[in-house]
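# sequence? don't have it. structure:
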């Protein structure tokens, strides 16, 4: 996990010196990759056999409607986010907005990883 | 059930769910009343595959990151919960794990519930599953003892009710007892066929026969290779197809035994 963080950090440092447009495209690509990984993680770990990653709408609610996940899935998701991305949801105040949809989850993961990089720099 | 509903149910519970559903489907109409039916599941090992998968997640990732979903299915009473939820059963739910004697204990409990009037019928059965870890252990045991051991998996369920209230379609359990075969006097009706089932690791068959004074007769089936701790429920189901009166004896560890005397109706037509 530490090695992966360092790798992201180095890429981040290099990209500060390149064209802002290219940086934007790179960020969008990274976000799309992250969302894909999140969808694959949800399907694999929550054993959802009747849905493919492409069929999951980025804005669709994860709980209740949409994927129809429940509270036990929420606990499993919290654990798997830590296993896959090293990101920890510590309480319900953090979890509730993060676990709304794939988009909110991806934003949360990126934000937490950015904080981890900043902390490493300081 | 849809795939989405089934996703949380593991192989162990699925076997139990299927067998329980078949028992309900096969029962006389009017016997299965959701509000007045209880569930008793017997299992020697429980959900082995899920339990080992959960332990793997614990050992690989630590106690903070062990899988909650695997944990929820690794508990022995998950199957009984799934059965109750799936078939809308509102009566009491119980899971019994007493290795070889699990199914006998489950039948005894079902009898108590019916006598107390707690429920009108009980969905009672067993489930045990095979997994690679168990296969590895059995292979090791076979190698060590230089003897072939086998293990398989399966689930069987019965919908039992009071024969005074509901005439039985297939037959009835006349007696269910358990105890220590060296201390108890075990009555086996002479006019019944006998199925003797002992664990393949249990050398007590001859000791039991000597003690009970019953020699192996033509009408005795001596099954020396148990294939799961709760194979007695599978034996009981098959016994109903063999003859009209069967004494079934299960020998367990520590000289314990379980006895079931089963009467069957004249004509059994399984669907």
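Done, it's in. Being a predicted model, the structure only gives us computed values, none of them experimental.

# show me the longest helix that occurs in chain A.
helix A:20-45 (DSSP state H).

# any idea how far residue B:260 is from residue B:166?
As judged by Cβ to Cβ, to the nearest Å, residue B:166 and residue B:260 stand 19 Å apart. Bear in mind the C-beta positions are built from the backbone N, C-alpha and C, glycine included.

# of those two, give the one with the bigger neighbour count.
Taking neighbours as other Cβ atoms under 10 Å in any protein chain shown, residue B:166 and residue B:260 compare with residue B:260 leading, 25 against 16.

# so who does the more buried one touch?
By Cβ atoms under 8 Å, 6 or more residues apart in numbering or on different chains, the contact set of residue B:260 is B:104, B:107, B:173, B:175-176, B:232, B:236, B:247-248, B:250.

# before we move on, the earlier item: tell me the helices and strands packed up against the longest helix of chain A.
In this structure, helix A:20-45 packs against helix A:71-85, helix A:102-121, with contacts taken as 3 or more Cβ pairs under 8 Å, 6 or more residues apart in numbering or on different chains; DSSP states H and E.

# circling back: any of the contacts of residue B:260 buried? List them.
For the contacts of residue B:260, a burial check counting by 16 or more other Cβ atoms under 10 Å in any protein chain shown picks out B:104, B:107, B:173, B:176, B:232, B:236, B:247-248, B:250.

# which among those residues are in contact with chain A?
Checked against chain A using Cβ under 8 Å from any Cβ of the partner chain, these give no members in range.

# picking up where we left off before, quick check: strands, which of the contacts of residue B:260 are part of them?
Cross-referencing the contacts of residue B:260 against strands under DSSP state E gives B:173, B:175-176, B:247-248, B:250.

# give me the element residue A:67 is part of.
In the assignment (DSSP states H and E), residue A:67 maps to no helix and no strand.

# tell me which of the ones in strands among the contacts of residue B:260 is nearest to chain A?
Checking these against chain A with Cβ to the nearest Cβ, the nearest one is residue B:250 at 35.9 Å.

# which residues does that closest one bridge with?
Beta-bridge partners recorded for residue B:250 (DSSP bridges): residue B:197, residue B:258.

# so who does it touch?
Applying Cβ under 8 Å, 6+ apart to residue B:250 gives the contacts B:100-101, B:103-104, B:197-198, B:232, B:235, B:257-260.

# do the same with residue B:73
B:8-10, B:12-13, B:47, B:50.

# if you rank the residues you listed by neighbours, which is first?
residue B:12 leads those on contacts (other Cβ under 10 Å) with 29 neighbours.

# state the phi and psi torsions of the residue nearest to residue B:230 when sequence neighbours are not counted.
In space, and not counting its chain neighbours, residue B:230 is closest to residue B:126: 3.5 Å by Cβ to Cβ, 6 or more residues apart in numbering or on different chains. Here is the backbone geometry of residue B:126 (degrees, to the nearest 10): phi -140, psi 160.

# what about residue B:126, how many residues nearby?
Counted with other Cβ under 10 Å, residue B:126 comes out at 31.

# ok, what's across the strand from it?
Beta-bridge partners of residue B:126, as defined by DSSP bridges: residue B:42, residue B:156.

# mind listing what it touches?
B:41-43, B:102-103, B:106, B:155-157, B:230, B:232-234.

# how about the contacts made by the nearest residue to residue B:104 once chain neighbours are set aside?
Once flanking residues are discounted, residue B:104 sits nearest to residue B:258: 3.1 Å by Cβ to Cβ, 6+ apart. Neighbour list for residue B:258: B:100-101, B:103-104, B:176-178, B:232, B:249-250, B:252 [criterion: Cβ under 8 Å, 6+ apart].

# look up how far residue B:189 lies from residue B:258.
Counting by Cβ to Cβ, the gap from residue B:258 to residue B:189 is 16 Å.

# could you give the number of residues near residue 44?
Using chain A here. 11.

# you answered for a different chain; I wanted chain B.
22.

# you'd agree it is in a helix?
No - applying DSSP: H, G, I helix; E, B strand; the rest coil, one finds residue B:44 to be coil, outside a helix.

# how near is the closest residue to it other than its chain neighbours to residue B:151?
Of all residues not flanking residue B:44 in the chain, residue B:229 sits nearest, at 2.3 Å (Cβ to Cβ, 6+ apart). Distance of residue B:229 to residue B:151, computed by Cβ to Cβ: 10 Å.

# same question for residue B:140.
Distance, residue B:140 to residue B:151, by Cβ to Cβ: 12 Å.

# ok, those two, which is more surrounded?
Neighbour count, other Cβ under 10 Å: between residue B:140 and residue B:151, residue B:151 has more, with 22 against 11.

# so that one sits against residue B:134, correct?
Yes - here residue B:151 reaches residue B:134: they are 6.0 Å apart, a contact under Cβ atoms under 8 Å.
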